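[1] Have a look at this prediction, sequence included:
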Amino acid sequence: TLPPSMYEASRIDGSGPWNTFWKITLPGLVPYIFLNLMYTVVDLFTFPSNPIVSKVNTTNYGSSSALAWIYFSIILLFVGLTLLLYSRVDKALSGTRE
């Protein structure tokens, strides 16, 4: 979604393909990479043959509920770590754009 004029200005300023990729293309792709990473993290925890998800059933409601809450906390921890990683990468990349 970056305008071609941005690449043209980069070429006029004397930037090579390598600098153009690191300074223009990659920072433009970071939100899409982050979205894909979030989907991947959630998908890794919720795939159908997951042994923990298969243990959560309706026969033993108390232990299933506790297991589900513990598992949810672990997933939330990983999503939080992913958000932290993204914020640091985004902050580092925004420093190079200025």
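    Everything's here; your move. Numbering: from 1, shown residues only.
[2] What about Gly16, how many residues nearby?
    For Gly16, the neighbour count with other C-beta atoms under 10 Å is 9. (C-beta placed from N, C-alpha, C; glycine too.)
[3] for the one 5 residues further on, same thing?
    As a burial measure, the neighbour count of Phe21 was computed by other C-beta under 10 Å and equals 13.
[4] any chance you could map the helices in this structure?
    Along the chain, the stretches classed as helices by DSSP state H are 4-12, 17-20, 26-45, 51-55, 61-97.
[5] For these, could you give me TSV that also reports mean pLDDT and mean neighbour count?
    Below are the helices of the chain laid out as TSV (pLDDT from 0 to 100; neighbours: other C-beta atoms under 10 Å):
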stretch	mean pLDDT	mean neighbour count
helix 4-12	89	11
helix 17-20	90	12
helix 26-45	87	13
helix 51-55	82	11
helix 61-97	86	12
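[6] what sits up against stretch 71-91?
    With C-beta atoms under 8 Å, 6 or more residues apart in numbering as the test, stretch 71-91 has contacts from Val30, Phe34, Leu37, Met38, Val41, Val42, Phe45, Ile52, Val53, Val56.
[7] any chance of those residues in CSV, with distance to Ser15 too?
    Formatted as CSV, the contacts of stretch 71-91 follow (distance: C-beta to C-beta, whole Å):
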residue, distance to Ser15
Val30, 19
Phe34, 25
Leu37, 28
Met38, 31
Val41, 34
Val42, 37
Phe45, 41
Ile52, 49
Val53, 49
Val56, 53
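[8] Pick the one among these closest to Pro4.
    Taking C-beta to C-beta as the measure, Pro4 lies nearest Val30 of those, at 19.7 Å.
[9] right, and the closest one touches Leu37 too?
    No. With contacts counted by C-beta atoms under 8 Å, Val30 stays clear of Leu37, the gap being 10.2 Å.
[10] where does the residue of the chain most remote from its centre fall, phi/psi-wise?
    Each residue of the chain has a distance to the centre, and by C-alpha atoms, centre = their mean the biggest one is for Thr59: 35.8 Å. With angles defined as degrees, to the nearest 10, Thr59 sits at phi -80, psi -40.
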